[in-house]
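K.L.:
Turn this into a structure:
(chains A and B)
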Amino acid sequence: MTENRYLLNTQLAQMLKGGVIMDVVNVEQAQIAQEAGAVAVMALERVPADIRKQGGVARMSDPGLIKAIKAAVTIPVMAKARIGHFVEAQILQALKIDYIDESEVLTPADEECHIDKSRFEIPFVCGARNLGEAVRRIAEGAAMIRTKGEAGTGNVVEAVRHMRTMNREIRQLATMPVEEIMNFAKINGIPYELALEVKKLGRLPVVNFAAGGIATPADAALMMQLGCDGVFVGSGIFKSSDPARYARAIVKATAYHDDPAKLLEVSMDLGEPMPGLDVANMPSAERLAGRGW
Amino acid sequence: MNAAAGAIGVLDLQGGVQEHLDHLRRIGVAARPVKRAAELDGLAGLIIPGGESTCLSRLLTIFGLDDAIRQGYGNGLKLWGTCAGAILLARENVGEMPFLGLMDIAVNRNAFGSQLDSFNRDALAPAVAREPIPLTFIRAPKIVQAGPGVRILLQLDDYIAAAEDDQILVTVFHPELTPSLAFHRYFARKCGLKVAETDDAALDPDWTPQSWTRFSYHV
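P.N.:
Modelled structure (predicted):
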């Protein structure tokens, strides 16, 4: 990827700021999402809550399904490739979607290496639990970052943990004398130059969205107030009792995340949110956030 | 006229808001984000930024900002739509319903294709700057038709990339994603604000692709 192509890819993410990216599994859901004001859709065969329930190996979705969704909407279309599965990524690039999510929600294909995203023309978004993961993904060529959270749980606790962790580490870096940066870079496994850049900016150099467990308008606004640039909602919309309504409410809450009166208005009479799962007592084998490094 | 007169607002619902605020500060113009109808009061101009036009249109309607913008326009407010903003201002949107419909142009959304078809190029827009300026097109629309009251500022290949009428400026590309301040100065002058009279490409050597982050959340 040329430097210029990478810049265009980070800039598309900038145009998504303040927006909601929604998981959809068919054309009808994609249209509901677009109609509600989603800034992009993530096309996949099963939402994370179902992947979690059904178990087995979760792979890239059938490109035929992704193609049908792409034809049905005018907003950007994203799709997931397995961690390290650069051929799934090649196929998605050939399909000419707008963004690839190298995602821990799918079963990793490589337990050592993530995809070398710098070799692709298409942009990638990657999940991160902390600053180290975020910066390593950027170093590999990711043009956008999101928290991992814990997908398919409807429980925002892990996304909050990941965002707070990133913020804490950036804060440490920001106040750190320069002679300590090399050691910070070594401990956190990140390139020195990128550590310096994060220190200078006081934030990640690319757009950073929230993802993993966001189920209500209040969850979305919480993540925005914690400093995220936008929100991914996976199972939270189409596993709720009234998807179109939830979709609209979460879009509004993201835009007006700092206005409690508006948040009150949009949170009213929404019906049932998706059922939630306790994360604290979840066996580590069932946690998706531990995939990738 | 209240204290905000002389300021340019940037519609702050979704999209490239901070990027425009950063450029406006660089040309020395008072700039502020606009989220509520009341915040339009006294503004000389409003930028409708790039983002997703469907999302922006929904939020504008829900919070009554569409009527407020129409009313402001009726009272002389100058408007600039970049990319999605241009789609929202167009009188005709090929294959879709128009939204604000304030400018006599027809646009074709996503006319270039997917993100893989996003691109940069340099071009000369003589009314705006006497040197070529860098242009960034991200999943851009094309302006495919312009009415008699519309002046074409930049024609490229088979489409119009920038145009204006007496009150509205539209660009299908994103000057706020480049080091060039020329279009922002041009719009400020259109709003009757005082900015440098030079007409060069106005490349700001201090601008970087991360400049927007100074107006975003910090730890």
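K.L.:
what does the helix or strand of chain B with the lowest mean pLDDT rub up against?
P.N.:
One helix or strand of chain B scores below all others by mean pLDDT, DSSP states H and E: helix B:53-62, with a mean of 93. Residues outside helix B:53-62 that contact it (CB atoms under 8 Å, 6 or more residues apart in numbering or on different chains): A:19-20, A:34-39, A:74-75, A:248, A:251-252, A:255, B:11, B:13-15, B:48, B:65-66, B:69, B:84-85, B:87-88, B:99, B:109. All C-beta atoms are positioned from the backbone trio N, CA, C, and that covers glycine.
K.L.:
Distance from it to the middle of the chain?
P.N.:
Here the centre of helix B:53-62 is set off from its chain's centre by 16 Å, with CA atoms, centre = their mean, to the nearest Å.
K.L.:
buried ones in that helix?
P.N.:
Buried positions in helix B:53-62, judged by neighbour count with 16 or more other CB atoms under 10 Å in any protein chain shown: B:53-60, B:62.
K.L.:
can I get these in CSV with distance to residue A:25?
P.N.:
As requested, the buried residues of helix B:53-62 are exported to CSV (distance: CB to CB, whole Å):
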residue, distance to residue A:25
B:53, 25
B:54, 20
B:55, 21
B:56, 26
B:57, 25
B:58, 22
B:59, 25
B:60, 29
B:62, 26
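K.L.:
Return the member of those nearest to residue A:207.
P.N.:
Taking CB to CB as the measure, residue B:55 is the one of the buried residues of helix B:53-62 closest to residue A:207, at 15.5 Å.
K.L.:
do you know how far that closest one is from residue A:210?
P.N.:
According to CB to CB, to the nearest Å, residue B:55 stands 17 Å off from residue A:210.
K.L.:
Give me the pLDDT for residue 94.
P.N.:
In the absence of a named chain, chain A is used. Residue A:94 carries a pLDDT score of 98 in this model.
K.L.:
my bad, chain B
P.N.:
Taking residue B:94 on its own, its pLDDT is 89.
K.L.:
My read is that it contacts residue B:144, right?
P.N.:
Yes: assessed by CB atoms under 8 Å, residue B:94 is found in contact with residue B:144 at 6.8 Å.
K.L.:
Now for those two: what residues contact both?
P.N.:
Common neighbours of residue B:94 and residue B:144, using CB under 8 Å, 6+ apart, are B:106-108.
K.L.:
Give me the buried subset of the contacts of helix B:53-62.
P.N.:
Using 16+ other CB under 10 Å as the burial test, the contacts of helix B:53-62 include A:19-20, A:34, A:36-39, A:74-75, A:248, A:251-252, A:255, B:11, B:13-15, B:48, B:65-66, B:69, B:84-85, B:87-88, B:99, B:109 as buried.
K.L.:
Among those residues, which lie within helices?
P.N.:
Of the buried ones among the contacts of helix B:53-62, the ones assigned to helices by DSSP state H are A:34, A:36, A:248, A:251-252, A:255, B:65-66, B:69, B:84-85, B:87-88.
K.L.:
residues contacting residue A:167?
P.N.:
A:226-227, B:219.
K.L.:
Ok, residue A:126 next?
P.N.:
So residue A:126 contacts A:101-102, A:114, A:117, A:133-134, A:137, A:140, A:142, A:144-146, A:292 (CB under 8 Å, 6+ apart).
K.L.:
Can you tell me the closest non-neighbouring residue to residue B:64?
P.N.:
Excluding the flanking residues, the one nearest residue B:64 by CB to CB, 6 or more residues apart in numbering or on different chains is residue B:37, at 5.8 Å.
K.L.:
Check residue B:31 too.
P.N.:
Sequence neighbours aside, residue B:24 is the residue nearest to residue B:31 in space, at 3.5 Å (criterion: CB to CB, 6+ apart).
K.L.:
give the contact list for the one you found.
P.N.:
Per CB under 8 Å, 6+ apart, neighbours of residue B:24: B:8, B:10, B:30-31, B:184, B:188.
K.L.:
can you list those in TSV and add secondary structure and pLDDT?
P.N.:
Shown next, in TSV, are those (DSSP: H, G, I helix; E, B strand; the rest coil; pLDDT from 0 to 100):
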residue	secondary structure	pLDDT
B:8	strand	98
B:10	strand	98
B:30	strand	96
B:31	strand	96
B:184	helix	97
B:188	helix	97
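K.L.:
Just send the residues you listed back as TSV, with neighbour count too.
P.N.:
Putting the contacts of residue B:24 into TSV (neighbours: other CB atoms under 10 Å in any protein chain shown) gives the following:
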residue	neighbour count
B:8	26
B:10	26
B:30	16
B:31	23
B:184	25
B:188	25
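K.L.:
how much space is there between residue A:187 and residue A:134?
P.N.:
15 Å.
K.L.:
quick one, which of these two is more surrounded?
P.N.:
residue A:134 (29 against 9; other CB atoms under 10 Å in any protein chain shown).
K.L.:
Could you find the closest non-adjacent residue to the more buried one?
P.N.:
Leaving aside its sequence neighbours, residue A:134 sits nearest to residue A:128 (CB to CB, 6+ apart; 3.8 Å).
K.L.:
Can you name the residues bridging to the one you found?
P.N.:
residue A:147 (DSSP bridges).
K.L.:
tally of neighbours for residue 215?
P.N.:
In the absence of a named chain, this looks at chain A. For residue A:215, using other CB under 10 Å, the count is 24.
K.L.:
Actually, chain B is the one I wanted.
P.N.:
Neighbours around residue B:215, by other CB under 10 Å: 17.
K.L.:
which residues does residue A:158 contact?
P.N.:
Residue A:158 touches A:147-150, A:212-213, A:279, A:289, counting by CB under 8 Å, 6+ apart.
K.L.:
The stretch 151-293 of chain A: strands as residue ranges?
P.N.:
A:207-209, A:231-233 (DSSP state E, counting those that start in this stretch).
K.L.:
got the residues of the stretch 151-293 of chain A near chain B?
P.N.:
Residues of the stretch 151-293 of chain A lying close to chain B (CB under 8 Å from any CB of the partner chain) are A:167-168, A:170-171, A:174, A:197, A:201-203, A:205, A:227-229, A:248, A:251-252, A:255-256, A:259, A:262.
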